[in-house]
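Undergrad: Sequence first, then the predicted structure:
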Amino acid sequence: MSVAPATVPEDFRPIPDLVVAHASGQGGKVAVKCGGASVTWRQFGGRVERVAARLAALGVGKGSKVGLLAANSIAYLEIMMGVVRAGACIVPLSTMASASALEGMIADSGVRLLFADAPHREVVDRLAAGAAVLDRGIVAIDFEADGWTGYEAWLGAGAAEAAPAALPAIAPGDPFNIFYSSGTTGLPKGIVHSHLARWAMVPRFRSFDYSGESTLLVATPIYSNLTIGGLFPTLAMGGTVVILPKFDTGAFLALAEAERVTHAMLVPIQIQRLLADPSFDRFDLSAFRAVFSGGAPLHAETKRACIARWPGRLIELYGLTEGGASCVLDARAFPDKLHTVGRPGAVVDLRFIDEEGREVPRGETGEIVGRTPIGMMEGYHNKPDLTEVLRWRSADGHLFYRTGDIGRLDADGFLTLFDRKKDMIISGGVNVFAVDVEAALRAHADVFDAAVVGVPSARWGESPYGFVVLRPGATVAADALAEWANARLGPPQRLCGLRLLDELPRNAAGKVLKRALKEEFSIGGTAA
């Protein structure tokens, strides 16, 4: 499959420009709701302009980096949009990151101005004391404290009037954001996206029944690239964003019914928990046009339950925050392909390579590499060496990004994922895919969730070891469950042990932190 060279589409328009246009075109319509508060498009756009004007007055614009460390809120969105409206680059920071990781991200990105909310005051105070890059100050979104400037005081009065003339024109290649990787291994890397890459999501999501009439329910952190995938098209098209400050299945379902929500972007564990809620089928979810799943594979049995019980389309998205490889599964349209993550889009060039980086024929298993005309990151910020490691060049000279995922296309062009390359278990010289062992465990009626890692084995080199979360009320013992699963697995796949956990460790994107599970196992030493 050939992909046309990157060009700027004629209908490209920066997302912050679209936001401001909606403020004048449909000013009385609700733009964002959170908790008991709501703002119209006129109010939201006006606040975005005020943020941008204030930044411009401080000399913060093109080339500047502005940090944002806070929980989801209306203010979070207006700050984010105001920063990029001013031509600066927004750096959304993870609220789950450690103080040392935050310090590293701030230093790496070159953030000079930081907005934060009350729960993060203490960590920012410590960082600001030794971070010379924060020379533009720290702004308190929802509290007052010495050394901080309150958000409303920082905004000032009447700043919006000067905004249009003071702000620079945004070019397609200008940096929109630096998103730091979820850090499942090593230190997080800063992923730089351009305005063109962010705009590319807008036409893509029109095929998912998005329009100016859409209502998106946000129940994942905005600093997650997964959330942005649904959020930016909603804002760009002039829809309504409803924010659930903290995920809870009952609160999600009640809000979805009350607000007649049409779209939601979720991680697999959230979908599992929603479907497991005893009250799920009592809520009216008929307004849904699509629920999206991303960040980690959604198990086939969960997809099957979702399309049977949740109105609208179930869209599974596969891809990298860095861009390149991507696939979409419209689950209801392809019920016989629920074991896959769908097909690559018309402009996606997906290929597969072996351990030596050689391309393997279509239909064979290998590491997935991909490319698209637009939507790929500019590179890892300040890390050209790691950017180069990610790259793979085909024999015809095209640049692809490596995914680290092992997969295969079937005869119909659907992609089956097997494992992360780094998580492959080699037992007795045989490649064992953790996903196959996990599927065997989840087939037990008492199992809610499962993860399998490879651990050192004196006999096999490596052996699979399982971690399981049971369904409420289940009483099966760990040894009995391992014996049940092993009776259904081949010799190299059989579990050398199994532990029951209350929950699996996950990052903000919903991926299981298998490194943390391996560290947990290390307490027990080497398997036989």
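TA: Yep, that arrived. Given the structure is predicted, the values throughout are model-derived calculations rather than measurements. Residues are numbered from 1 along each chain as shown.

Undergrad: Helix or strand with the lowest mean pLDDT in the protein?
TA: Using mean pLDDT, DSSP states H and E, helix 163-166 stands out as the lowest-scoring helix or strand of the chain, at a mean of 58.

Undergrad: Quick check: next helix or strand after that one?
TA: Remark: after helix 163-166, the chain's next helix or strand is strand 175-180, criterion DSSP states H and E.

Undergrad: Show me what whatever helix or strand comes next after that next one is packed against.
TA: The C-terminal neighbour of strand 175-180 among helices and strands, as given by DSSP H and E, is strand 190-194. Here strand 190-194 touches helix 99-109, strand 175-180, strand 379-380, going by 3 or more Cβ pairs under 8 Å, 6 or more residues apart in numbering; DSSP states H and E. Yep, even glycine has a C-beta here, placed from its N, CA and C like the rest.

Undergrad: relative to strand 175-180, how tilted is the host helix or strand of residue 84?
TA: According to DSSP H and E, residue 84 maps onto helix 74-85. For helix 74-85 against strand 175-180, the angle by axes from the mean of the first three to the mean of the last three Cα atoms, to 10 degrees is 130 degrees.

Undergrad: ok, back up a step: output the helices and strands packed on strand 190-194 in a markdown table; the columns should cover mean neighbour count, distance to residue 213 and mean pLDDT.
TA: Output for the helices and strands packed on strand 190-194, formatted as a markdown table (neighbours: other Cβ atoms under 10 Å; distance: least, Cβ to Cβ, whole Å; pLDDT from 0 to 100):
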| stretch | mean neighbour count | distance to residue 213 | mean pLDDT |
| --- | --- | --- | --- |
| helix 99-109 | 18 | 37 | 88 |
| strand 175-180 | 25 | 26 | 94 |
| strand 379-380 | 20 | 37 | 89 |
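
Undergrad: Quick one: closest of those to residue 316.
TA: Proximity to residue 316, assessed across these by Cβ to Cβ, is greatest for strand 175-180 (21.1 Å).

Undergrad: Just the C-alpha atoms of the closest one, please, in PDB.
TA: Only the C-alpha atoms of strand 175-180 are listed here, as PDB (Å, rounded to 0.1, in the frame of the first residue of the first chain):
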ATOM      1  CA  PRO A 175       4.100  22.600  17.800                       C
ATOM      2  CA  PHE A 176       0.700  22.100  19.400                       C
ATOM      3  CA  ASN A 177       1.800  20.000  22.400                       C
ATOM      4  CA  ILE A 178       4.400  17.900  24.100                       C
ATOM      5  CA  PHE A 179       2.700  14.800  25.500                       C
ATOM      6  CA  TYR A 180       4.900  12.600  27.700                       C
END
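
Undergrad: Packing partners of it?
TA: Using 3+ Cβ pairs under 8 Å, 6+ apart: strand 175-180 touches strand 89-92, strand 190-194, helix 195-199.

Undergrad: For it, what is the distance to the chain centroid?
TA: Distance of strand 175-180 from the chain centroid (Cα atoms, centre = their mean, to the nearest Å) equals 13 Å.

Undergrad: Mind listing residues that contact it?
TA: 15, 65, 84, 89-94, 97, 105, 109, 188-195, 197-198, 223, 225, 228, 321, 378, 381 (Cβ atoms under 8 Å, 6 or more residues apart in numbering).

Undergrad: Helix, strand or coil: sort out the nearest residue to residue 410 once chain neighbours are set aside for me.
TA: With sequence-adjacent residues excluded and distances taken as Cβ to Cβ, 6 or more residues apart in numbering, residue 410 is closest to residue 416, at 6.5 Å. Three-state assignment for residue 416 (DSSP: H, G, I helix; E, B strand; the rest coil): strand.

Undergrad: For residue 433, see how far away residue 416 is.
TA: 10 Å (Cβ to Cβ, to the nearest Å).

Undergrad: Now do the phi/psi pair for residue 405.
TA: When read as degrees, to the nearest 10, the backbone of residue 405 gives phi -100, psi 140.

Undergrad: That one is in contact with residue 424, isn't it?
TA: No. With contact defined as Cβ atoms under 8 Å, residue 405 and residue 424 do not form a contacting pair (10.7 Å).

Undergrad: circling back: okay if I get the helices and strands packed on strand 190-194 as a markdown table plus distance to residue 519?
TA: Shown next, in a markdown table, are the helices and strands packed on strand 190-194 (distance: least, Cβ to Cβ, whole Å):
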| stretch | distance to residue 519 |
| --- | --- |
| helix 99-109 | 17 |
| strand 175-180 | 22 |
| strand 379-380 | 26 |
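
Undergrad: right, so of the ones you listed, which gets closest to residue 285?
TA: Taking Cβ to Cβ, strand 175-180 is the member of those nearest to residue 285, at 30.3 Å.

Undergrad: higher neighbour count, residue 405 and residue 424?
TA: Neighbour comparison, residue 405 and residue 424: the larger count goes to residue 405, with 22 against 15 (by other Cβ atoms under 10 Å).

Undergrad: just the angle between whatever helix or strand residue 42 lives in and helix 74-85, please?
TA: Element membership for residue 42, per DSSP H and E: helix 41-57. For helix 41-57 against helix 74-85, the angle by the same axes, to 10 degrees is 50 degrees.

Undergrad: what comes up buried for helix 41-57?
TA: Buried residues in helix 41-57, counted by 16 or more other Cβ atoms under 10 Å: 41-56.

Undergrad: average pLDDT for stretch 26-37?
TA: Looking at stretch 26-37 alone, the average pLDDT works out to 93.

Undergrad: How about stretch 327-334?
TA: On average, the pLDDT along stretch 327-334 is 97.

Undergrad: So which residues make contact with that stretch?
TA: 303, 306-307, 313-319, 337-338, 340-345, 348, 350, 414-415.

Undergrad: Please indicate which of the residues you listed are buried?
TA: The neighbour count (16+ other Cβ under 10 Å) marks 303, 306-307, 313-319, 337-338, 340-344, 348, 350, 414-415 as buried among the contacts of stretch 327-334.
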